[in-house]
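1. What would the 3D arrangement of this be:
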Amino acid sequence: MQNRYFEYCRFKVPPRELLTNPVGVRNRFRARAESSGGTMFGCWRSLGGLGMSRDEGIALSAWPSEDAARGAPDLVGSEQHFLEASVRPVTDDPVGYTGTYVFRWFDLKAQNWETFRDLSDEAWPTMERVFDANICGFWRSLDVEAPECAVLLLTRYADLSQWEASRWWHKPQTDADAAMSRFDARNDLTEGSVAYPAQAIFAGGPE
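-> Reported below is the predicted structural model:
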């Protein structure tokens with residue numbers, strides 16, 4: 001991977017701009033990253049107001065160092081979080097899958113991070129084979145210090161029905177058992193979790 005440090009930015013725009021000019025919003029984040037030595041990983045807008053308001057979105061950018069990420073121009077009215085990639089993504093190429101993306105934050109104890117990471121990494125191949133889903137990124141927060149730990153998981157699903165079908169507590173089909181048992185064990189390490197569904201904005205516009 002060329003750039004392993006990332007910036008997560010949850011932003012807000014003027015009313016309806018993400019509906020009327022989504023590519024313009026995306027281009028502003030791309031230009032900001034590229035002008036400071038970074039690259040755009042992706043830009044998303046709210047999915048029907050679920051989890052985020054109509055005028056909120058999320059941008060992810062990749063950087064060669066933590067200092068470079070933190071040195072980018074400030075963004076008024078945004079929530080920024082700095083991250084280091086772990087087992088995913090394997091490249092910093094921009095995401096390009098169509099479907100529904102879900103950003104999920106996990107809170108856990110720092111002492112459980114490696115076990116949490118390994119359980120996830122071992123479960124994903126089965127999950128991706130059984131469900132129409134792709135694990136796009138798995139980052140550890142650089143802004144949360146031990147004994148606490150925060151982790152961001154980004155998953156693309158074909159649609160929200162695939163997200164629901166893949167929940168371990170729904171006891172999916174037998175083919176998914178290898179993944180679900182690990183997710184169940186991972187849940188025991190989780191102190192808290194919240195998820196935000198989102199729609200990707202590509203260079204040509206939303207899918």
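
2. now residue 148: how far from residue 117?
-> Distance, residue 148 to residue 117, by Cβ to Cβ, to the nearest Å: 16 Å. (C-beta placed from N, C-alpha, C; glycine too.)

3. More neighbours: the two, which one.
-> residue 117 (17 against 12; other Cβ atoms under 10 Å).

4. Surely the more buried one is within a strand?
-> No. Going by DSSP: H, G, I helix; E, B strand; the rest coil, the assignment for residue 117 is helix, not a strand.

5. Residue 84 is in contact with that one, correct?
-> No. Contact criterion Cβ atoms under 8 Å: residue 117 and residue 84 do not qualify, at 11.7 Å.

6. ok, and what's touching whichever strand or helix holds residue 11?
-> Assigned by DSSP states H and E, residue 11 belongs to strand 5-12. For strand 5-12, contacts defined as Cβ atoms under 8 Å, 6 or more residues apart in numbering pick out 29, 38, 41, 52-53, 55-66, 68-69, 72, 75, 77-85, 137, 139, 142, 152.

7. So which of those residues sit within strands?
-> 41, 56-63, 79-85, 137, 139, 152 (DSSP state E).

8. how about the one residue sitting closest to the centre of the chain, what does it touch?
-> The residue lying closest to the centre of the chain (Cα atoms, centre = their mean) is residue 154, at 3.0 Å. Listed by Cβ under 8 Å, 6+ apart, the contact partners of residue 154 are 60, 95, 101, 102, 103, 104, 135, 136, 137, 138.

9. Mind checking which of the residues you listed are buried?
-> 60, 95, 101, 102, 103, 135, 136, 137, 138 (16 or more other Cβ atoms under 10 Å).

10. so what secondary structure elements neighbour the worst-scoring helix or strand of the chain on mean pLDDT?
-> Taking mean pLDDT, DSSP states H and E as the measure, strand 205-206 is the helix or strand of the chain with the lowest mean score, a mean of 76. The contact analysis (3 or more Cβ pairs under 8 Å, 6 or more residues apart in numbering; DSSP states H and E) places strand 205-206 against helix 22-35.

11. next one: the helix it packs on to chain centre, how far?
-> Its chain's C-alpha centre and that of helix 22-35 lie 18 Å apart, by Cα atoms, centre = their mean, to the nearest Å.

12. Distance check, the closest residue to residue 66 other than its chain neighbours against residue 61.
-> Nearest non-adjacent residue to residue 66, counting by Cβ to Cβ, 6 or more residues apart in numbering: residue 5, 5.0 Å away. Residue 5 is 9 Å from residue 61, where distance means Cβ to Cβ.
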